[in-house]
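Chemist: give the three-dimensional model of this entry:
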Amino acid sequence: MNRGRQRKERSFTPCFPPLFFVYLFFILELLLHFRGFGFTGKYVLNKVFFAALFGYLAGVLLSFLPVLFRRIFGILLAVPVILLYGAQLIYYSVFNTYLSLTGTAGVTGQALDYTHVILQTMKKEWIAMLILVLLLAATFLFFLKFMPKERPGRTGYLIRFGSWLVAAALFFVCIRVQGKGLDTPYNLMRNYNSVDLSIQRLGILDTTFLDLYTGIRARGGGKVTHTGFSNEEKVDAPKTPELEKNTEIDNLKDDLLKAGLHTEATTEEATEEPKEERVLGPNVLPDVDPARLAETEDYSAIRDIHEYVASQSPTMQNEYTGMFEGYNLIFITAEGFDGRFIDYERTPMLYKMAHEGFYFKNFYSPLWYGSTSGGEYANLTGLIPRSGGYLSMARVGFRENAMPFTLGNQLGNLGYTVYGFHNGTYDYYDRNVSHPVIGYKNWIASGSGFTEEETEYGSSIWPQSDAYLESETFRLYGNKEPFHAYYMTISGHLPYSWGGNAMAARHKSMTEDMDYSESTRVYLACQYEVELMLERLYQDLEQAGVLDHTLIVLSCDHIPYDDMEILDELAGEKLDRTFEVYRNTLIIYSASMEKPVVVDKNCYSPDILPTVSNLMGLPYDSRMLAGQDILSDAPGLVIFPDHSLITDVCRYNAMTGEVTETAGVKVTSDYLESIRTIAANRIRLSDSICEYDYYSYIRKDSE
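Modeler: Got it, this is the predicted structure:
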């Protein structure tokens with residue numbers, strides 16, 4: 001009788017551990033939401049709902065265990081989750097994007113390079129850090145002292161599991177009723193391709209599960225990208241009013257002449273016999289027919305890609321096609337570079353190249369996932385890097401994907417002498433694996449052929465000098481025309497402090513009279529190495545007699561993401577963090593150009609490869625890239641990692657859904673939906689090319 005009463009009472013004894021995890025995960029999710037998105041956001045309910053759902057299930061499962069194991073596993077679950085939220089908070093504060101656990105698994109050892117930055121960030125985020133420490137203390141206190149020892153009986157378990165199943169079903173119903181369209185929570189759960197959007201709309205825990213599933217499956221050889229492309233019902237942009245003839249190019253030329261940064265063509269140059277007129281056509285591979293390939297392809301994923309490529313309109317060749325055919329090419333990805341650094345008096349060579357060559361007024365360098373790795377991938381492949389799950393550049397390398405359109409491979413196949421150089425560690429971001437695949441089989445870097453500059457005490461300088469890198473490497477290719485040299489610099493690497501950046505300390509004196517904060521002066525000082533590198537490069541090319549037959553391209557890997565206030569200072573205003581902070585400078589310059597070319601079109605880093613390919617007269621298929629030739633008549637389109645967009649007539653903020661009209665014309669919902677679909681397909685195309693090694697199928701057909 002008493003035993004039966006005890007069992008009956010025991011079956012309804014409150015089980016407190018589930019509620020503890022509900023409270024814990026609820027607080028953590030709200031903390032990260034408020035830090036990243038403020039006190040608003042229609043998706044906050046998705047986050048707290050899933051956090052509570054997961055917390056309740058974890059607590060119920062733990063309640064099965066004996067008291068000792070319940071304590072051990074309770075702590076082992078709660079502590080890593082708290083640390084995960086802390087890591088996301090710090091990562092977001094440093095990189096302005098969220099962390100993909102599987103995407104950065106291969107480079108975790110390199111986090112030591114950011115120790116100083118992490119400590120600074122923790123100090124800056126001290127309130128959030130304090131909350132996390134208190135939650136850790138509460139976890140240990142609860143499980144070691146206040147955790148109830150009772151376990152629910154059979155009825156209690158049934159009630160708890162039943163209520164959880166009902167809540168889980170309700171959660172998925174809530175996700176489903178939010179729609180199946182682009183970037184909806186439902187779509188993100190089915191096709192995880194943006195860690196930032198996923199965290200904004202689903203939360204940290206849900207995104208972590210998606211990320212782990214995607215990354216583990218990818219590492220096991222499974223495919224994580226759906227190739228079903230959305231139907232594109234293309235709607236033309238609203239017509240903008242006719243503008244008066246733009247005289248800016250003439251004004252710019254006059255300014256450069258007065259400054260001594262431009263010289264008029266000589267009579268001999270002006271009367272040079274014209275080249276044979278080129279017959280212009282579409283930028284496609286003439287021997288490849290994707291529509292025909294789709295008809296004979298058995299693999300459905302590859303067939304989907306073939307059909308999508310066949311449906312696209314290629315960009316057309318234009319008056320600039322082949323302008324630099326046969327030229328040498330030097331391509332520089334400058335670490336942490338931002339065009340606001342360029343100054344007529346302080347950096348005359350950068351100013352000359354930025355304004356006397358192709359002058360791109362509306363070029364953007366989004367902060368891709370993987371920071372430098374993502375930035376290099378966009379610059380060198382014309383594709384959009386994946387935003388979570390894996391680093392696209394490393395994946396291409398380890399899978400030894402076919403990459404026929406990269407400049408290294410294209411020019412190497414034409415008999416060019418090709419080198420890749422880096423004044424950092426040769427295998428950082430697995431470049432020793434990826435860069436030979438994209439054409440730089442001669443990969444020279446620290447630890448692989450490059451002798452580092454040392455202090456008087458024999459220790460390596462950090463970071464290394466970009467100017468020194470050029471002086472140590474030009475001799476390897478400068479007299480071996482035609483040549484292509486690729487440089488990945490490092491002098492502009494954070495941290496931006498006098499003690500943390502040797503190049504900043506080296507050039508400190510040049511900033512002493514500047515009315516900027518210390519971090520901005522440090523940034524200007526270390527970036528001065530890019531100016532010195534270009535000065536030396538210009539002189540070496542001139543002395544070698546190949547200056548007028550060399551094309552120089554320079555872009556950044558990313559902006560100085562750790563301290564965007566630097567850019568605010570240089571711009572003289574607070575820049576919006578969705579679009580304007582990413583406006584940057586792209587240099588495409590040759591001393592052979594008679595006058596600058598001003599380009600108004602909105603463009604971004606994946607556009608570099610097709611633009612340079614067109615200028616050099618290299619065969620490529622514009623339908624198989626996410627970027628497009630900036631100099632073609634194709635409408636401008638800039639796609640950001642969070643799926644925000646810039647077009648010729650508007651800006652679309654994917655995080656808020658806000659549309660800003662920029663051309664004085666009304667943007668219709670049909671046009672917006674059309675351009676969002678086009679952007680989503682280009683993201684999917686980029687993922688699919690990397691995931692399925694699509695170019696290998698094209699290469700087989702063209703052989």
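
Chemist: from now on I want contacts and neighbour counts done on CA atoms only, so please keep to that.
Modeler: Will do.

Chemist: any idea how far residue 417 is from residue 589?
Modeler: Here residue 417 is placed at a distance of 20 Å from residue 589 (C-alpha to C-alpha, to the nearest Å).

Chemist: is it fair to say residue 424 lies in a helix?
Modeler: No: counting by DSSP: H, G, I helix; E, B strand; the rest coil, residue 424 is not found in a helix; it is strand.

Chemist: surely it is in contact with residue 449?
Modeler: No: Residue 424 lies out of contact with residue 449 (C-alpha atoms under 8 Å); the separation is 11.4 Å.

Chemist: which one's more surrounded, the two?
Modeler: Higher neighbour count among residue 424 and residue 449: residue 424, with 21 against 12, using other C-alpha atoms under 10 Å.

Chemist: which residue is the nearest non-sequential neighbour of the more buried one?
Modeler: Nearest residue to residue 424, sequence neighbours excluded (C-alpha to C-alpha, 6 or more residues apart in numbering): residue 446, at 5.4 Å.

Chemist: do I have it right that the one you found meets residue 428?
Modeler: No: using C-alpha under 8 Å, residue 446 is not in contact with residue 428; the gap is 9.8 Å.

Chemist: what about residue 378, how many neighbours?
Modeler: 27.

Chemist: center of the protein, which residue is that?
Modeler: Among the residues of the chain, the one closest to the centroid is residue 368, at 1.0 Å (C-alpha atoms, centre = their mean).

Chemist: tell me who's in contact with that one.
Modeler: Applying C-alpha atoms under 8 Å, 6 or more residues apart in numbering to residue 368 gives the contacts 374, 375, 385, 387, 558, 640, 641.

Chemist: repeat for residue 438
Modeler: Counting by C-alpha under 8 Å, 6+ apart, residue 438 has contacts 397, 403, 404, 406, 408, 409.

Chemist: one more time with 6 Å
Modeler: residue 403 (C-alpha atoms under 6 Å, 6 or more residues apart in numbering).

Chemist: local confidence estimate at it?
Modeler: Residue 438 is assigned 98 on the pLDDT scale.

Chemist: check residue 223 too.
Modeler: For residue 223, pLDDT reads 70.

Chemist: helix/strand/coil for it?
Modeler: Applying three-state DSSP: residue 223 is coil.

Chemist: kindly report the same for residue 344.
Modeler: Under three-state DSSP, residue 344 comes out as coil.

Chemist: and the closest residue to it other than its chain neighbours, what element?
Modeler: Leaving aside its sequence neighbours, residue 344 sits nearest to residue 351 (C-alpha to C-alpha, 6+ apart; 5.6 Å). Following DSSP states H and E, the helix or strand that holds residue 351 is helix 348-356.

Chemist: contact partners of that helix?
Modeler: Under the contact criterion C-alpha under 6 Å, 6+ apart, helix 348-356 has outside partners 261, 344, 531, 587, 589, 596.

Chemist: mind putting those residues into JSON lines with secondary structure and neighbour count?
Modeler: Formatted as JSON lines, the contacts of helix 348-356 follow (DSSP: H, G, I helix; E, B strand; the rest coil; neighbours: other C-alpha atoms under 10 Å):
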{"residue": "261", "secondary structure": "coil", "neighbour count": "17"}
{"residue": "344", "secondary structure": "coil", "neighbour count": "12"}
{"residue": "531", "secondary structure": "helix", "neighbour count": "19"}
{"residue": "587", "secondary structure": "strand", "neighbour count": "25"}
{"residue": "589", "secondary structure": "strand", "neighbour count": "21"}
{"residue": "596", "secondary structure": "coil", "neighbour count": "21"}
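
Chemist: got phi/psi on residue 330?
Modeler: Main-chain dihedrals, residue 330, degrees, to the nearest 10: phi -120, psi 120.

Chemist: where in this structure is pLDDT low?
Modeler: The chain contains residues with pLDDT under 70 at 1-18, 40-41, 103-114, 151, 219-222, 224, 226, 240-278, 700-703.

Chemist: next secondary structure after the lengthiest helix in the chain?
Modeler: Ranked by number of residues, the top helix in the chain under DSSP state H is helix 67-95. Going down the chain from helix 67-95, the next helix or strand is helix 115-124, by DSSP H and E.

Chemist: got the buried residues for the very next helix or strand once past that next one?
Modeler: Note on helix 115-124: by DSSP H and E, the next helix or strand toward the C-terminus is helix 126-141. Residues of helix 126-141 classed as buried by neighbour count (16 or more other C-alpha atoms under 10 Å): 128, 129, 132, 135, 136, 139, 140.

Chemist: wait, which of these is closest to residue 474?
Modeler: Ranked by distance to residue 474 (C-alpha to C-alpha), those are led by residue 129 at 48.2 Å.

Chemist: and the closest one, how far from residue 24?
Modeler: In terms of C-alpha to C-alpha, residue 129 sits 15 Å off from residue 24.

Chemist: just residue 528 next, same as before
Modeler: Distance of residue 528 to residue 24, computed by C-alpha to C-alpha: 48 Å.

Chemist: residue 176 too?
Modeler: Remark: distance between residue 176 and residue 24 (C-alpha to C-alpha) = 26 Å.

Chemist: who's more crowded, those two?
Modeler: Between residue 176 and residue 24, counting by other C-alpha under 10 Å, residue 24 is the more crowded of the two (21 against 14).
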